[in-house]
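Undergrad: Any chance you could fold what I've pasted below:
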Amino acid sequence: MDKPIQKSKFKIKTYLFIAPGLAVLFGISYLAFTANSNAMYYPNDQLQIAEIIQGEFSESISTHGTVIPSQTIQIDAFEGGVIEEIMAENGQSIVKGTPLLKLSNMSLSLDFMNRETQIIEQINNLRNTRINLEQNKRNVQEQLIDIRYELIQQEAQFARDSVLYHQNVITQSVFESSWNYIQYLQNKKALLENRTQTDEKYRLSQMQRIDNSILLMERNLEAVRKSLTQLTVTAPLTGQLNSFQHELGATMRKGERIGRIDIMDTFHIRAHVDQYFLNQIEIDQLARIKLDGKEQHLSIAKIFPTVTDNQFEIHFRFKDQQPKNLRRGQSAPLKIQLSNQSKAVLIPKGSFYSSGGGKYVFVVHGNEAQKTPVKLGRQNDKYIEVINGLIPGDRVIISPYTNFRNNDLILIQ
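TA: Purely as a prediction, here's the structure:
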């Protein structure tokens, strides 16, 4: 025969006795915790905890490098005009002197014809002046020849007149007239000879100026003609044509960028680095990049100190033979070495640094993490150097401190 089971009055009474005590104990704990306003609870699964280690350290910067040709020539329009003909394609390999496109400019053509006419007319005038100077020189020389010849004739006549005069064949007046004519011819000869010397100096000076003026005008004429030939844009050197995208009939302004030519023989690596490292970067500093699965050694070739968007640009050259099949725009992770390796106490990198300023960390002891001041130094892509405040084996929170930056104690749940 089944017997009914009666509920134990002892257990109920026990619970009724213990419950108020537990409530009081919880209240005391709560009051004790809330009294310490610098402590807070935080879930363990939302924390990232790492151990302080001692190891080899070298300061470095991690960024991305992009393959670029070591030499690039930009092509600009020397003259403006309408695109009349396109004779090359973007990405095409071309040789120096290859026509790329042809422009038409009616205003420039008319201006060329007017200026060409004016310059040619001025050149002709100068050449006529040159001819006149030469002709004047010949005229004076002819006059001097005539005077010299006439003087010779008159001197012979005077010799005969002298004999006749002493023989009383001619009168004294005839004799004196013959002598006076010799004096006249001699004076005239001396005057012409002096004029010839003076005119020759002036003529040579004028001829030099005329020749220089003609040469200058011919250069101006050549420059005017060249401006017309520049309406046909040609490749300034051999390479690959890029950024060359145009349409027939489009208007191009003077100085407008037409395209660029990349020299595909050698390549550099271009990278952008935070301005914070500007004073730590030097020419020939070493770096490494991984291209097609193989690590390549680089050295800094150029530094561009102009800061744009808080970054500056660096170009690297390959230390060894550059890899084959490099392509412009190819990108890969790059690491710049700022110092040699040395032993150091290290803390793994984490978001704690940016949110806490690197002036303190939370050191974990059991289920608590205590805010501890530290001094941190150099850093690379994996670790930060610990100068003081921590020792190897310490465990610290390296996740962001945003939620508890005003707390001194973290109670880990």
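
Undergrad: Excluding residues flanking it in the chain, which one is nearest residue 411?
TA: residue 41 (4.8 Å; C-beta to C-beta, 6 or more residues apart in numbering). No exception for glycine: its C-beta is placed from N, CA and C like everyone else's.

Undergrad: now for the helix or strand harbouring that neighbour, which elements pack on it?
TA: For residue 41, the enclosing helix or strand under DSSP states H and E is strand 39-42. Using 3 or more C-beta pairs under 8 Å, 6 or more residues apart in numbering; DSSP states H and E as the contact definition, the elements that strand 39-42 packs against are strand 409-412.

Undergrad: thought the residue nearest to residue 411 was touching residue 404?
TA: No: no contact is recorded between residue 41 and residue 404 when judged using C-beta atoms under 8 Å, the distance being 9.9 Å.

Undergrad: Check the contact lists of those two and give me the overlap.
TA: Residues touching both residue 41 and residue 404 by C-beta atoms under 8 Å, 6 or more residues apart in numbering: residue 410.

Undergrad: Could you report the pLDDT at the residue nearest to residue 411?
TA: Here, the pLDDT recorded for residue 41 equals 88.

Undergrad: Ok, residue 346 next?
TA: Looking at residue 346, its pLDDT stands at 92.

Undergrad: May I have the phi/psi pair for the closest residue to it other than its chain neighbours?
TA: With sequence-adjacent residues excluded and distances taken as C-beta to C-beta, 6+ apart, residue 346 is closest to residue 383, at 4.0 Å. Residue 383 adopts backbone torsions of phi -130, psi 160, taken as degrees, to the nearest 10.

Undergrad: now do residue 246
TA: Dihedral pair for residue 246: phi -140, psi 160, per degrees, to the nearest 10.

Undergrad: Strands of the stretch 1-150 of the chain, residue ranges please.
TA: In the stretch 1-150 of the chain, strands defined by DSSP state E, counting those that start in this stretch lie at 39-42, 49-51, 53-57, 60-76, 81-86, 93-94, 99-104, listed in chain order.

Undergrad: Reformat the ones you listed into CSV and put distance to residue 125 and mean neighbour count next to each item.
TA: As requested, the strands of the stretch 1-150 of the chain are exported to CSV (distance: least, C-beta to C-beta, whole Å; neighbours: other C-beta atoms under 10 Å):
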stretch, distance to residue 125, mean neighbour count
strand 39-42, 97, 15
strand 49-51, 91, 16
strand 53-57, 83, 14
strand 60-76, 37, 17
strand 81-86, 33, 16
strand 93-94, 45, 16
strand 99-104, 33, 18
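
Undergrad: right, so of these, which gets closest to residue 212?
TA: Set against residue 212 and scored by C-beta to C-beta, the strands of the stretch 1-150 of the chain come closest in strand 60-76, at 32.7 Å.

Undergrad: For that closest one, the averaged confidence score.
TA: Averaged across strand 60-76, the pLDDT comes to 88.

Undergrad: Just the C-alphas of that strand, formatted as CSV.
TA: Presented in CSV, the C-alpha positions along strand 60-76 are these (Å, rounded to 0.1, in the frame of the first residue of the first chain):
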residue,chain,number,x,y,z
SER,A,60,60.5,49.2,-38.9
ILE,A,61,57.5,50.7,-40.8
SER,A,62,55.0,48.6,-42.7
THR,A,63,53.3,50.1,-45.7
HIS,A,64,52.4,49.1,-49.3
GLY,A,65,54.8,49.6,-52.2
THR,A,66,53.7,50.2,-55.8
VAL,A,67,55.8,49.3,-58.9
ILE,A,68,56.5,52.4,-61.1
PRO,A,69,58.9,52.9,-64.0
SER,A,70,62.1,54.6,-62.8
GLN,A,71,61.8,57.1,-65.6
THR,A,72,58.6,58.7,-66.9
ILE,A,73,58.3,61.5,-69.4
GLN,A,74,55.1,63.6,-69.4
ILE,A,75,54.0,64.8,-72.9
ASP,A,76,52.3,68.2,-73.1
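
Undergrad: who's in contact with the residue nearest to residue 411?
TA: 410, 411, 412, 413.

Undergrad: ok, now which ones touch the residue sitting nearest the centre point of the chain?
TA: Among the residues of the chain, the smallest C-alpha distance to the mean C-alpha position (C-alpha atoms, centre = their mean) belongs to residue 304, namely 8.2 Å. Counting by C-beta under 8 Å, 6+ apart, residue 304 touches 312, 313, 314, 315.

Undergrad: Please flag which of those residues sit within helices.
TA: Helix and strand membership here follows DSSP state H; of these, not one is in helices.

Undergrad: In strands, which of the residues you listed fall?
TA: In strands, judged by DSSP state E, the following of the contacts of residue 304 are found: 312, 313, 314, 315.

Undergrad: which one among the residues you listed gets closest to residue 155?
TA: residue 315 (90.0 Å).

Undergrad: Just give the nearest non-adjacent residue to the closest one, would you?
TA: Of all residues not flanking residue 315 in the chain, residue 302 sits nearest, at 4.0 Å (C-beta to C-beta, 6+ apart).

Undergrad: Go through the helix or strand harbouring the one you found and flag the buried ones.
TA: Element membership of residue 302 [criterion: DSSP H and E] is strand 294-308. Buried positions in strand 294-308, judged by neighbour count with 16 or more other C-beta atoms under 10 Å: 296, 298, 300.

Undergrad: Now do it against strand 60-76, angle only.
TA: With axes from the mean of the first three to the mean of the last three C-alpha atoms, to 10 degrees applied, the angle from strand 294-308 to strand 60-76 works out at 70 degrees.

Undergrad: List the strands paired with strand 294-308, with their directions.
TA: For strand 294-308, sheet partners with direction are given as strand 286-291 (antiparallel), strand 311-318 (antiparallel), following DSSP bridges.

Undergrad: Select from the ones you listed the stretch with the lowest mean pLDDT.
TA: Note on the strands paired with strand 294-308: lowest mean pLDDT is at strand 286-291, with a mean of 88.

Undergrad: Now do the buried residues in it.
TA: 286, 287, 288, 289, 291.

Undergrad: Just the CA atoms of it, as PDB, please.
TA: Taking only C-alpha atoms (Å, rounded to 0.1, in the frame of the first residue of the first chain), the coordinates of strand 286-291 have been written out as PDB:
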ATOM      1  CA  LEU A 286      67.000  49.400 -46.400                       C
ATOM      2  CA  ALA A 287      63.600  47.900 -47.000                       C
ATOM      3  CA  ARG A 288      62.000  44.700 -48.100                       C
ATOM      4  CA  ILE A 289      59.100  43.900 -50.300                       C
ATOM      5  CA  LYS A 290      57.500  40.600 -51.300                       C
ATOM      6  CA  LEU A 291      56.800  40.300 -55.000                       C
END
